[in-house]
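Trainee: Here you go, sequence then predicted model.
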Amino acid sequence: MSHQELKKQIEDNQYRWYVLSVNSGQEAQVITHLKERVAKKKMEDDIVDYLNPVVNEVYYKKWIKMFRPTKLYPGYVFVKSKMNEKIWYIIRNTPWVRLIVWAEIRPIPLSQQEYEDIINHVEEKNAKAEYAVPFEEGDVVILKDWDFNGMKWVVTEIDTAKWMLYVNVEILWRNTPVLVSFEKVESDT
C-alpha cells in the first residue's frame, strides 16, 4: 500500500470518538498534554473534546455518606476528533499515550452506539451511587444517640427517600418500631 493510499484511508473529516490506551494514572496528564499540543499546532478545530469518564463511588465515614471520584476506565482516554495523518501523529507522540485502540493500520473510531453506551454507563453508576444505602433489612445496628445508646437493634425497613430506617426496639417486653436516621446508628459488623 502506497503512502498516498494509506493517507487517504486514514483521512476522516467527521468528528468521531477514538479510544487511547494510556499509562494508568496518567489520564489527566495525557489530556493536558494533548490540549497543549493541539493549541500549539492550532488544531483546536480538529480535536474538539476529551473524556476521562469518572463516577462517584460511595463510601461512609462515621456513617456519613461521602463520594469519591473514581475512573471508570483507568488506562483509557477518549478524544473526539477528525482524523488525518497529522492528528494521528500528534496523538501517538503525546507523552503517556501507548496507542490508539484498534489502530493497527488505521484508527477506528467508536460507533455512536458504543459512545452512548459509555455515557449511559457513567450516568447509571452515578445514579446508583446517589441512592446507595449502607444498610439492608435484617442488619443489626447499634444506636449512637438517645437513651438507647449502645443497644443493638435489627433493621426492619429502610426509607431511602428520607434517609431513615425502622428498627424494632424492645419496650416493656414488646417490639416497637422506631424510625431512626442513618447517621444515628452504626453497623454491628
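Mentor: Good, I have the coordinates. Residues are numbered from 1 along each chain as shown.

Trainee: Buried residues in stretch 86-96, which are they?
Mentor: For stretch 86-96, burial by neighbour count (16 or more other CB atoms under 10 Å) applies to 87-88, 90-91, 94, 96. For every residue, glycine as well, the C-beta is placed using N, CA and C.

Trainee: Inside helices: which ones of those residues?
Mentor: 87-88, 90-91 (DSSP state H).

Trainee: Just the closest of the residues you listed to residue 70, please.
Mentor: Nearest to residue 70 out of those is residue 91 (CB to CB; 25.3 Å).

Trainee: Return the distance of that closest one relative to residue 106.
Mentor: Taking CB to CB, to the nearest Å as the criterion, residue 91 is separated from residue 106 by 13 Å.

Trainee: One more: residue 34?
Mentor: Going from residue 34 to residue 106 by CB to CB gives 19 Å.

Trainee: what about these two, which has more around it?
Mentor: Neighbour count, other CB atoms under 10 Å: between residue 34 and residue 106, residue 34 has more, with 22 against 16.

Trainee: The helix or strand where the more buried one lies: what's the following helix or strand?
Mentor: Taking DSSP states H and E as the definition, one finds residue 34 inside helix 27-40. Using DSSP H and E, the helix or strand that follows helix 27-40 in sequence is strand 47-51.

Trainee: those helices in the protein, which residues are they?
Mentor: Assigned by DSSP H, the chain shows helices spanning 3-10, 27-40, 85-92, 112-130.

Trainee: where's the dip in pLDDT among the buried residues of stretch 86-96?
Mentor: Lowest pLDDT of the buried residues of stretch 86-96: residue 88, 89.

Trainee: and the nearest residue to residue 170 once chain neighbours are set aside, how many neighbours does it have?
Mentor: Once flanking residues are discounted, residue 170 sits nearest to residue 176: 7.5 Å by CB to CB, 6 or more residues apart in numbering. The number of residues packed near residue 176 is 10, by other CB under 10 Å.

Trainee: try residue 39
Mentor: 11.

Trainee: cool, and the one 5 residues further on?
Mentor: The number of residues packed near residue 44 is 10, by other CB under 10 Å.
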